[in-house]
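Asks: Sequence first, predicted coordinates after that:
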Amino acid sequence: MKTYKTEDLPKEKIIEFFKMHWGTQEMVISSGVYDCSTLDGFAIVKENDIIGLVTYVIRGHECEIISLDSIEEGKGIGTSLVKEVETLAFEKKWKSVKLITTNDNLLALKFYQKRGFVISRVINNAVEKARKLKPEIPLVGNDGIPIRDEIELIKLLD
């Protein structure tokens with residue numbers, strides 16, 4: 001396994017990864033509409049296949065993780081990718097790393113809190129607004145939980 005900056009990988013490979021895992025490379029959240037295949041990020045590649053990918057954007061002194069995917073759960077891939085972003089953020093002297101997930105994504109809430117992120121804000125009914133731009137967002141998500149709200153988590157960097 002090797003870690004690459006997304007800019008060093010063929011764009012078609014990144015688009016293929018997003019289409020396989022999300023159906024599209026477009027992400028609609030309250031902070032914006034993103035084509036994840038064009039964002040900065042890191043990917044872990046094993047035997048010429050992407051097995052993990054994180055993308056982010058920078059606003060001022062804050063880094064926002066837009067997407068994080070790992071196809072092999074529990075093997076440290078997601079953790080490694082988040083650490084890559086945190087290391088870059090620390091080197092660039094950015095003040096924090098944040099992200100937004102949906103209320104049904106209990107695995108993400110657990111994952112990020114275990115890694116020092118804290119819930120900083122709940123954006124009620126944000127997903128309803130996102131559906132106006134991206135109607136294919138499902139009404140019900142993980143464990144039969146209705147997808148309604150966004151939850152912002154943040155990690156301050158010293």
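Replies: That came in fine, so what should we check first? Not measured: the values here are computed from a predicted model. Numbering: from 1, shown residues only.
Asks: Okay, and the residue most central in space within the chain sits in which element?
Replies: Most central in the chain under C-alpha atoms, centre = their mean is Ser67, positioned 2.0 Å from the mean C-alpha point. Secondary structure here is read from DSSP states H and E; on that basis Ser67 sits in strand 62-70.
Asks: So for the nearest residue to His61 once chain neighbours are set aside, what's the pLDDT?
Replies: Nearest residue to His61 in three dimensions, chain neighbours excluded: Lys95, at 4.3 Å (C-beta to C-beta, 6 or more residues apart in numbering). No exception for glycine: its C-beta is placed from N, CA and C like everyone else's. pLDDT, Lys95: 95.
Asks: what packs against the helix or strand following the strand holding Ser67?
Replies: Per DSSP H and E, strand 62-70 leads on to helix 77-91 as the next helix or strand towards the C-terminus. For helix 77-91, the elements it packs on are strand 2-5, strand 40-46, strand 49-59, strand 62-70, strand 96-102, judged by 3 or more C-beta pairs under 8 Å, 6 or more residues apart in numbering; DSSP states H and E.
Asks: Return the set of buried residues in helix 77-91.
Replies: Under the neighbour-count criterion of 16 or more other C-beta atoms under 10 Å, helix 77-91 has 77-78, 80-82, 84-86, 88-89 buried.
Asks: Let me have those residues in JSON lines, extended by distance to Phe42 and pLDDT.
Replies: Formatted as JSON lines, these follow (distance: C-beta to C-beta, whole Å; pLDDT from 0 to 100):
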{"residue": "Ile77", "distance to Phe42": "11", "pLDDT": "96"}
{"residue": "Gly78", "distance to Phe42": "11", "pLDDT": "96"}
{"residue": "Ser80", "distance to Phe42": "8", "pLDDT": "97"}
{"residue": "Leu81", "distance to Phe42": "5", "pLDDT": "97"}
{"residue": "Val82", "distance to Phe42": "9", "pLDDT": "97"}
{"residue": "Glu84", "distance to Phe42": "4", "pLDDT": "97"}
{"residue": "Val85", "distance to Phe42": "7", "pLDDT": "97"}
{"residue": "Glu86", "distance to Phe42": "11", "pLDDT": "97"}
{"residue": "Leu88", "distance to Phe42": "8", "pLDDT": "95"}
{"residue": "Ala89", "distance to Phe42": "12", "pLDDT": "95"}
